[in-house]
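Visitor: Fold the stuff below for me.
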Amino acid sequence: MSKKKYDNVAYLMIAPAYSVFMLFVLIPIGFVLYYSVTNYNMYSQPDFIGLKNYIRMFSDEDYLLAVKNTIQYSLGFLIPQLTIGLLFAVLLNRSSRLIAVFRTAIYIPNVMSMVCVSMVWLWIYNPTFGLLNNILGHLGIPFQQWLQDPEKALSCIIVMSIWKSCGYSMVIYLSGLTGIPNSLYEAAKLDGANEVQQFFSITWPMLRPTTFFLLITGMMNSFAVFEQVNIMTGGGPFNQTTTIVHQIYRRGFLEYKMGYASSMAVVLLIFSLIVTFFIFKFGSTGQDNELS
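Guide: Modelled structure (predicted):
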């Protein structure tokens, strides 16, 4: 087969994937960029207003609070979720039927719908008949207004999100652990290294690329947090759990300020790209099968 004919066949084979990418990613991004500099309200023709939407965000208290909440959520969710997932992976990195049961039990929440999980945790956090307050009552501790307390609501959502997602991190870390040669641990044992020393000298350095992958995907998910917020608190109380994506939804589909919502989406995209760039710049070191 000639090179030209080979290239044509190759382009033809990747055309469906690129067509879907263009139709559902590139073109929508183009529309968002356009609407972000207009006053589009979904009913009338959009008028060009320049950077007024972007300027407005700096004086929008609800949006600024959403940015703060999103950052707090990301920091409170990402590191504990990775840590717990790694801990489970190390503890369950062995073969037995009982271990398989534990792995399945930890991973099941990750495949459950966020709507279902949110409804279950709404019951757990219920201030009157919820499981958590019932446990506290038996311990003689006063009932708590978990999702109704402005100081506790965001933390409650973070705890639920960690519970749901740590199984995914565990599975990815387990796949990374299987790529570490046993000969390294055997050599370390001969040198007198205990399990803690083996972890910090062998396991952790070898899992850096895995951690890097989980860091990128977890960061993207944490910036896009919406479902649990919308279902469990609706952004309340007093906007203490509202996030950037929740504000985009509220402004665009409840207040019909689609131009303003589009500008928020553009800023979120730019911020995500900047954070991703720095993570790639300073975090992508090491290989799964190499020690640092």
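
Visitor: So which residues of the protein form strands?
Guide: Using DSSP state E, the chain contains no strands.

Visitor: Give me the most central residue, it.
Guide: Most central in the chain under CA atoms, centre = their mean is N221, positioned 2.3 Å from the mean C-alpha point.

Visitor: low-scoring stretches of the stretch 151-292 of the chain, by residue?
Guide: Within the stretch 151-292 of the chain, the segments meeting pLDDT under 70 span 283-292.

Visitor: again, 50 this time
Guide: 286-292 (pLDDT under 50).

Visitor: Where do the helices of it begin and end?
Guide: 153-177, 182-190, 195-198, 204-206, 208-223, 227-232, 244-249, 258-283 (DSSP state H, counting those that start in this stretch).

Visitor: tell me the mean pLDDT for the lengthiest helix in the chain?
Guide: In the chain, taking DSSP state H as the definition, the longest helix is helix 61-91. In this model, helix 61-91 carries a mean pLDDT of 94.

Visitor: helices or strands next to it in the packing?
Guide: Here helix 61-91 touches helix 153-177, helix 208-223, helix 244-249, going by 3 or more CB pairs under 8 Å, 6 or more residues apart in numbering; DSSP states H and E. In this view, the C-beta of every residue, glycine as well, is placed from N, C-alpha and C.

Visitor: picking that back up, can you pull the contacts of the nearest residue to the residue nearest to the centre of the chain once chain neighbours are set aside?
Guide: The shortest distance from N221 to any residue other than its chain neighbours is 7.6 Å, reached at S165 (CB to CB, 6 or more residues apart in numbering). Residues near S165 by CB atoms under 8 Å, 6 or more residues apart in numbering: 77, 81, 85, 109-110, 218, 221.

Visitor: same check, this time on I216
Guide: Shown in contact with I216 (CB under 8 Å, 6+ apart): 276, 279-280.

Visitor: which one of these has the most neighbours?
Guide: Counting neighbours by other CB atoms under 10 Å, the top entry in the contacts of I216 is T276, with 16 neighbours.

Visitor: what residues does stretch 186-194 touch?
Guide: With CB under 8 Å, 6+ apart, stretch 186-194 has contacts from 197-198, 201-202.

Visitor: Now do the buried residues in that stretch.
Guide: Using 16 or more other CB atoms under 10 Å as the burial criterion, the residues of stretch 186-194 that qualify are 188, 193.

Visitor: Need the CA coordinates for that stretch. PDB is fine.
Guide: C-alpha atoms of stretch 186-194 as PDB (Å, rounded to 0.1, in the frame of the first residue of the first chain):
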ATOM      1  CA  GLU A 186      13.100  -8.800  48.300                       C
ATOM      2  CA  ALA A 187      16.300  -6.800  48.000                       C
ATOM      3  CA  ALA A 188      15.000  -4.300  50.500                       C
ATOM      4  CA  LYS A 189      14.200  -7.100  53.000                       C
ATOM      5  CA  LEU A 190      17.700  -8.400  52.700                       C
ATOM      6  CA  ASP A 191      19.000  -5.000  53.500                       C
ATOM      7  CA  GLY A 192      16.900  -5.000  56.600                       C
ATOM      8  CA  ALA A 193      14.200  -2.500  55.500                       C
ATOM      9  CA  ASN A 194      10.900  -2.700  57.300                       C
END
